[in-house]
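Q: Would you be able to build a 3D model of this:
(one chain, ligands or ions: 2)
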Amino acid sequence: MNTTALLAALTERFSALAETAELVRASREFRESGFTTIGFLAPDTVKAAVRAEAEALITAHGIRRELRLAETGHTPRRMRNTRRSEIHRHGTVIPALYESEELRHAVAAIAGEPVLRCPYEPEQFVITELTASGDTHGWHWDDYSFALVWVLDCPPVEEGGFVQYVPNTVWNKENPRLHSQFIGRSIISAELRPDDLYLMRTDTSLHRVYPLRSGRRLILNMAYAAHRDLDKTLSHETMDTLWAPS
Ligand SMILES: O=C(O)CCC(=O)C(=O)O
Ligand SMILES: [Fe+2]
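A: Residues are numbered from 1 along each chain as shown. Ligands and ions are numbered 1, 2, ... in the order given. Okay, here's the model as predicted:
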C-alpha cells in the first residue's frame with residue numbers, strides 16, 4: 001500500500017470512530033490519569049507499514065546509546081535509536097503520518113485539547129529499540145505535552161518492557177529530585193503488546209520503560225505539543241544529549 005492509500009485507510013478508521021464507546025473511554029482515561037492505550041486508532045495495514053519502515057530504519061540507521069542524564073536524576077538510557085533526521089531523510093510513511101492533520105485531530109479528540117506539531121524538529125519522532133538484558137529508557141519527563149507511542153514489538157510483561165508512570169509531577173531540570181517524586185505517590189504500570197498504541201501526557205508524567213530481562217522491544221514515539229508549550233521557553237538538553245550523533 002502506498003502512503004496515500006495508508007492515509008486514506010486512517011481517514012476511514014477515524015470517521016468510523018467518532019463518538020464510539022472506545023473513544024469516550026480513552027478520552028476519560030487520559031484526562032484522569034494522563035495515559036491510555038489506543039490500539040484502535042489505526043488499522044492493521046497502517047500499523048504493518050509503520051512496523052516495516054521502523055524495522056528497516058533501525059537496522060540501517062540505529063545508534064547504540066548508553067548514558068545517564070543529569071537533568072532526570074542520572075537515570076540510564078540503554079537503547080538503540082534512529083533519530084528524526086534519519087527517519088525524515090530515509091522514511092516515507094512515518095514522516096507522512098506525523099504531518100497528518102487528521103491524525104492530530106484524532107489524538108486531540110482523546111486529549112481534550114488541540115494537539116500541535118512539535119516546534120522543535122529533533123523531538124518530533126524517534127524509533128527506539130531495546131535488545132539486551134538491562135536495556136531501558138530510564139525515568140524521565142519529556143519537553144512537550146503528548147507522546148503517541150506505536151508499540152511495534154514488545155516481549156511478554158514478565159520479560160520487562162512495560163511502561164511505568166507517575167502522573168501529575170513537575171520536572172525541574174536544574175534539580176529534578178527524582179526520588180522525592182515517588183514519595184506519597186503511586187507508580188502505575190501498564191502492560192503493552194505488539195500493535196498497541198498509547199497516548200501519554202509526557203510533560204507532567206514521570207515515566208520509564210521497565211528494564212528488559214530478555215526479548216526485544218521496538219517503538220516509534222511521535223511527540224506533540226499543546227498550545228501552552230509554545231509559550232514556554234523550553235531548553236532541550238536531554239534530547240540534544242540523547243540523540244546527538246555519536
Ligand atoms: O518506549 C516507550 O514506551 C517510551 C518512550 C519515551 O518515553 C520517549 O521516547 O521519550
Ligand atoms: Fe518519554
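Q: Can you get me a residue count around the nearest residue to G73 once chain neighbours are set aside?
A: Leaving out its chain neighbours, the residue that sits closest to G73 by C-beta to C-beta, 6 or more residues apart in numbering is L178, at 3.0 Å. Where you see a C-beta, it was placed from the backbone N, CA and C, and this is true even at glycine. By other C-beta atoms under 10 Å, 17 other residues sit near L178.
Q: Any stretches of this structure with poor pLDDT?
A: Along the chain, the parts satisfying pLDDT under 70 run over 233-235, 237, 239, 242-246.
Q: Export only the CA atoms of stretch 64-79, formatted as CSV.
A: What follows is stretch 64-79, C-alpha atoms only, in CSV (Å, rounded to 0.1, in the frame of the first residue of the first chain):
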residue,chain,number,x,y,z
ARG,A,64,23.6,2.4,20.4
ARG,A,65,23.3,4.8,23.4
GLU,A,66,24.5,4.0,26.9
LEU,A,67,24.4,7.1,29.1
ARG,A,68,22.9,8.7,32.2
LEU,A,69,21.2,12.1,32.1
ALA,A,70,21.8,14.6,34.9
GLU,A,71,18.6,16.5,34.1
THR,A,72,16.5,13.5,35.0
GLY,A,73,18.4,12.5,38.1
HIS,A,74,21.1,10.5,36.4
THR,A,75,18.7,7.8,35.2
PRO,A,76,20.0,5.4,32.5
ARG,A,77,19.3,5.2,28.8
ARG,A,78,20.4,1.9,27.3
MET,A,79,18.9,1.5,23.9
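Q: is ligand 1 contacted by that stretch?
A: No. Stretch 64-79 is not in contact with ligand 1 by C-beta under 6 Å from any ligand atom; minimum separation 8.4 Å.
Q: Please tell me how far that stretch is from the chain's geometric centre.
A: Centroid separation for stretch 64-79 versus its chain: 17 Å, with C-alpha atoms, centre = their mean, to the nearest Å.
Q: same check, this time on stretch 201-212
A: Distance of stretch 201-212 from its chain centroid, counting by C-alpha atoms, centre = their mean, is 9 Å.
Q: in stretch 218-236, what's buried?
A: Residues L218, I219, L220, N221, M222, A223, Y224, A225, A226, D229, L234 are the ones in stretch 218-236 that count as buried (16 or more other C-beta atoms under 10 Å).
Q: Contacting ligand 1 as well, which ones from those residues?
A: Among the buried residues of stretch 218-236, proximity to ligand 1 is found for I219, N221 (C-beta under 6 Å from any ligand atom).
Q: Among the buried residues of stretch 218-236, which ones are in strands?
A: Under the assignment DSSP state E, the buried residues of stretch 218-236 contribute L218, I219, L220, N221, M222, A223, Y224, A225 to strands.
Q: quick one: which of those residues is nearest L67?
A: Compare each of these with L67 using C-beta to C-beta and the shortest gap goes to N221, at 17.7 Å.
Q: Quick one: residues contacting the closest one.
A: F125, V126, I127, T128, A147, L148, V149, W150 (C-beta atoms under 8 Å, 6 or more residues apart in numbering).
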